[in-house]
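**Student:** How does the following fold in three dimensions:
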Amino acid sequence: MIDMKQLIEKFKAKLLEEEGNSLYKNESVRNIVNRVFVEEFAKIFESIVNEINNKLNIKLLSYQLEGKSRFIVEGRYHRIYFQKGKIDQNDEVIQLNIIPICVWKGVTKHLGPICAYINQETLQIKWDIPFENPEIYAMDVFNKLVDDTDFSM
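**Tutor:** The predicted structure is shown next:
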């Protein structure tokens, strides 16, 4: 008779090994994505909001980070949410999707999606946004906001 118990133990050990590697990979990817979203993207908006408020000596805009998955830039009648979306990964590249939504006096407007491709080994980021640069993108968003004829302070 075949010793099924030993064979099952081998399969169980292999399964646990695979689950451990998967857990490690997922945790590692999550940490990379959180760092890119918060430090490489959200901090840009925070610094622009702080600089505008400091230069004007008034709290015109506010910035609020909500956990590691969303931040809000808010003014008197407007609010822009940047929500971390779906995360895709293959062996070399992590794809981070960011969904920007603007709410203006109760009307919701979806802005164009933002995507970052992160090389898992080198941690280099390629942004799939206009200008391929998050600083210029953020400045463009603020310029469009203040140039809007409906925008008021």
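
**Student:** can you count the residues close to the nearest residue to Ile94 once chain neighbours are set aside?
**Tutor:** Among residues not flanking Ile94 along the chain, Ile118 sits closest, at 4.4 Å (Cβ to Cβ, 6 or more residues apart in numbering). (Glycine included, C-beta is placed from N, CA and C.) A total of 22 residues lie near Ile118 under the criterion other Cβ atoms under 10 Å.

**Student:** Just confirm Ile118 contacts Val93, I think it does.
**Tutor:** Yes - with contacts counted by Cβ atoms under 8 Å, Ile118 reaches Val93, the gap being 6.8 Å.

**Student:** what touches both of the two?
**Tutor:** Taking Cβ atoms under 8 Å, 6 or more residues apart in numbering as the criterion, Ile118 and Val93 do not both touch any residue.

**Student:** Helices along the protein, start to end?
**Tutor:** Shown for the chain, the helices assigned by DSSP state H span residues 4-35, 43-56, 134-147.

**Student:** What average pLDDT does the longest one get?
**Tutor:** So that's helix 4-35. If you average the pLDDT over helix 4-35, you get 75.

**Student:** which other residues reach stretch 42-54?
**Tutor:** Under the contact criterion Cβ under 8 Å, 6+ apart, stretch 42-54 has outside partners 59-63, 65, 71, 73, 82, 134-135, 138-139, 142.

**Student:** that older thread, distance to Thr122 and mean neighbour count added to the helices of the chain, as CSV?
**Tutor:** Below are those laid out as CSV (distance: least, Cβ to Cβ, whole Å; neighbours: other Cβ atoms under 10 Å):
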stretch, distance to Thr122, mean neighbour count
helix 4-35, 11, 11
helix 43-56, 21, 15
helix 134-147, 18, 15
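
**Student:** So for Leu123, which of these sits nearest?
**Tutor:** helix 4-35 (6.9 Å; Cβ to Cβ).
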